[in-house]
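Asks: Let me see the structure of the following:
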Amino acid sequence: KYLTNNLHEELVEMVLSKRKEDEPCGYLDVNVSKSDLRAEGMSLVLNFLCRLHKVNPPICVHNFRCYSNSGLGDAGIRLL
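Replies: A predicted model of the protein is given here:
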């Protein structure tokens, strides 16, 4: 089992447990600002977030912050 599978299960449980009943989905804020993230890492983060959106009810990204990431480059920004 991959680490992301364990993280996925825990995160789904945590976000959905805080969801209000009248909300159509769970919401999550993501902040990768001032990190050493590169394009490959951003791809992994985005793939992980897409998996979260496929659960029922879906988990959506409310805010995605990505400031001051000089290592990300144009390739990483294009992924967004």
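Asks: For the chain, which residues score under the pLDDT cut-off?
Replies: Residue ranges of the chain with pLDDT under 70: 1-3.
Asks: Nearest residue to the residue nearest the centre of the chain in space, please, no chain neighbours.
Replies: Geometric centre of the chain, nearest residue: Leu49, 3.7 Å, by Cα atoms, centre = their mean. Among residues not flanking Leu49 along the chain, Val61 sits closest, at 5.9 Å (Cβ to Cβ, 6 or more residues apart in numbering). From N, CA and C alone the C-beta is placed, and that goes for glycine too.
Asks: What number of residues are in the vicinity of Gly26?
Replies: Applying other Cβ atoms under 10 Å, we find 22 residues neighbouring Gly26.
Asks: OK, contacts around it?
Replies: Taking Cβ atoms under 8 Å, 6 or more residues apart in numbering, we find Gly26 in contact with 12, 15-16, 18-19, 57-60.
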